[in-house]
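In: I'd like to go over a predicted model; first the sequence, then the structure.
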Amino acid sequence: MRRETALLGGSFNPVHIGHLYLIHDAYTLASVERVVIIPALISNFKRGSSPLDFETRVHLIQLAKDDYRDMFPSDDIEIEISRVEKERGGISYTSDTIRHFLPLYGNDGKVSFIIGDDLLSGLERWHEYDYLKDHVRFLCFTRDGNHDGPEDADIVFFRNEKVISSSTDVRDGNLDMLSERVRRYVEDNELYRG
């Protein structure tokens with residue numbers, strides 16, 4: 001039987017505890033059995049940013065996976081890291097990523113994709129939105145009950161109030177947003193220090 005799989009894309013610059021709680025909520029609230037984390041090589045939304053190099057971000061995600069097992073030892077969820085966007089190269093469009101994963105993890109012609117409610121207002125402006133609305137089931141985790149997404153998209157809402165954190169907070173020096181192994185690596189290697 002095919003496991004219920006959801007994709008989680010982003011720059012992960014860096015991965016933080018908010019991402020881990022998002023995965024936990026996907027497991028506990030949305031019955032997701034596998035999450036595929038897809039770090040962007042170059043994010044279409046953050047073209048002017050200077051993220052850590054791809055392999056360092058992947059290494060931090062691997063450390064975060066280990067921290068996840070410590071934080072949620074009873075969760076029976078599979079967590080994979082995909083290098084597909086590095087292999088493809090160039091700007092990362094969600095539509096290209098969906099085309100890649102749809103044959104692997106699609107269910108009823110759609111693949112599940114995890115987003116936060118901060119992305120709802122701009123969803124219709126995503127590259128190839130018409131393709132996305134036909135082939136993606138957006139699993140939207142919302143802190144404040146925001147359900148303002150486009151009506152023609154397949155969006156399933158879940159309440160998520162556990163952790164409010166962002167990679168920007170970490171880059172600004174708030175390392176409290178990092179899980180244990182990730183924080184230790186960031187401190188030991190003096191990352192995100194201007």
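Out: Looks like it arrived, so ask away. Residues are numbered from 1 along each chain as shown.
In: what's D144 in contact with, if anything?
Out: D144 sits next to D117 when contact means C-beta atoms under 8 Å, 6 or more residues apart in numbering. To be clear about C-beta, it is placed using only N, CA and C from the backbone, and glycine gets the same treatment.
In: meant to ask about I61, not that
Out: Here I61 is in contact with F12, V15, I37, P39, I81 (C-beta under 8 Å, 6+ apart).
In: how near is the closest residue to A26 other than its chain neighbours to M71?
Out: The shortest distance from A26 to any non-neighbouring residue, by C-beta to C-beta, 6 or more residues apart in numbering, is to V32 (4.1 Å). The gap separating V32 from M71 is 17 Å, by C-beta to C-beta, to the nearest Å.
In: max-length helix in the protein?
Out: Longest helix of the chain, by residue count under DSSP state H: helix 54-71.
In: got the CA coordinates for that helix in PDB?
Out: Output of helix 54-71 as PDB, limited to C-alpha atoms (Å, rounded to 0.1, in the frame of the first residue of the first chain):
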ATOM      1  CA  PHE A  54      23.400  23.700  -0.800                       C
ATOM      2  CA  GLU A  55      25.400  20.800   0.800                       C
ATOM      3  CA  THR A  56      25.700  22.700   4.100                       C
ATOM      4  CA  ARG A  57      22.000  23.200   4.200                       C
ATOM      5  CA  VAL A  58      21.400  19.500   3.400                       C
ATOM      6  CA  HIS A  59      23.800  18.600   6.200                       C
ATOM      7  CA  LEU A  60      21.800  20.800   8.700                       C
ATOM      8  CA  ILE A  61      18.600  19.200   7.500                       C
ATOM      9  CA  GLN A  62      20.200  15.800   8.200                       C
ATOM     10  CA  LEU A  63      21.100  16.900  11.700                       C
ATOM     11  CA  ALA A  64      17.500  18.300  12.200                       C
ATOM     12  CA  LYS A  65      16.200  14.800  11.200                       C
ATOM     13  CA  ASP A  66      18.200  13.300  14.000                       C
ATOM     14  CA  ASP A  67      16.900  16.000  16.400                       C
ATOM     15  CA  TYR A  68      13.300  15.200  15.200                       C
ATOM     16  CA  ARG A  69      13.700  11.600  16.400                       C
ATOM     17  CA  ASP A  70      14.700  12.900  19.800                       C
ATOM     18  CA  MET A  71      11.900  15.400  20.000                       C
END
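In: let me see the mean pLDDT of that helix.
Out: Mean pLDDT, computed over helix 54-71, is 97.
In: what angle sits between the helix or strand hosting L8 and helix 54-71?
Out: Here L8 is covered by strand 5-10, with elements defined by DSSP states H and E. If you take axes from the mean of the first three to the mean of the last three C-alpha atoms, to 10 degrees, strand 5-10 sits at 130 degrees to helix 54-71.
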